[in-house]
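**Student:** Predicted structure and sequence below. I'll ask about it afterward.
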Amino acid sequence: MKLQFITSNMHKFNEISAYLKESGIECQWVKRTYEEIQAETTEEVSVDSARKLSGEISQKFFLEDTGLYIQSLKGFPGPYSSYVFKTIGNQGILDLLLNKERAAYFLTVISYFNGKEILTFSGKEQGTISMEERGRTGFGYDPIFIPSGCEKTLGEMSIGEKNKHSHRIKALENFIDSVEIED
Ligand code: IMP
């Protein structure tokens, strides 16, 4: 099986293709940007992007959208994760959490266009926000996120280690399990 993954993010592609390779699935990187709506859920953003792209791409493809949800901030930044990262960044999140509970989770929603319709698959990773930025691997919020049961942040992990815990890989597992049934 060969899957087309649309993303402009090299890190997302590297994580997903490393996992798929181990499962014997070839992943083709369709490196392009696309417009994302601002919505109130990560799922809406993911599905809307896939719907728009399905108007111009007739082959099967998938894409994903991810958000960081911090419980004591009522889920913020959630679907606003991209904007918040670009504006206040990791240090801004650490500042917001002074004297607050640090539980958080990542949510990834994969949208797969099978040539006819869009199917969605989610993956969640529970953890806590660290006290300071740690590590230089990965991207985005990785240096401030410690998966449950770990001591290292995702920014201190190799791709292989991150993939053992990752929201993205949980969504991917749900996806490839279903696609095998479907194909
Ligand atoms: P998007 O899915 O590319 O829209 O991501 C939203 C924001 O979350 C961006 O700032 C990303 O850098 C960040 N992000 C997405 N996935 C991850 C991840 O696996 N680890 C850390 N940050 C992430």
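**Tutor:** Good, I have the coordinates. Numbering: from 1, shown residues only.
**Student:** dump the residue contacts of the closest residue to the ligand within the chain.
**Tutor:** When scored by Cβ to the nearest ligand atom, the chain has residue 140 as its residue closest to the ligand, at 2.5 Å. (Glycine included, C-beta is placed from N, CA and C.) Under the criterion of Cβ atoms under 8 Å, 6 or more residues apart in numbering, the contact list for residue 140 reads 11, 81, 85.
**Student:** give me that answer again for 6 Å
**Tutor:** Residue 140 makes contacts with residue 85, as judged by Cβ atoms under 6 Å, 6 or more residues apart in numbering.
**Student:** Could you check how far it is from residue 111?
**Tutor:** 19 Å (Cβ to Cβ, to the nearest Å).
**Student:** Okay, strands next: where are they in the chain?
**Tutor:** 2-6, 26-30, 61-70, 77-78, 103-113, 118-129, 145-147 (DSSP state E).
**Student:** Can you name the residues in contact with the third one?
**Tutor:** Pointing back at strand 61-70 there. Counting by Cβ under 6 Å, 6+ apart, the neighbours of strand 61-70 from elsewhere in the structure are 4-6, 42, 45-46, 49-50, 75, 78-79, 81, 104-113, 141.
**Student:** What's the mean pLDDT across it?
**Tutor:** Per-residue confidence for strand 61-70 averages out to 98 on the pLDDT scale.
**Student:** and it, anywhere near the ligand?
**Tutor:** Yes - residues of strand 61-70 are located near the ligand by Cβ under 6 Å from any ligand atom, namely 65, 66, 68.
**Student:** again with the longest one
**Tutor:** No - judged by Cβ under 6 Å from any ligand atom, strand 118-129 stays clear of the ligand, getting no closer than 8.5 Å.
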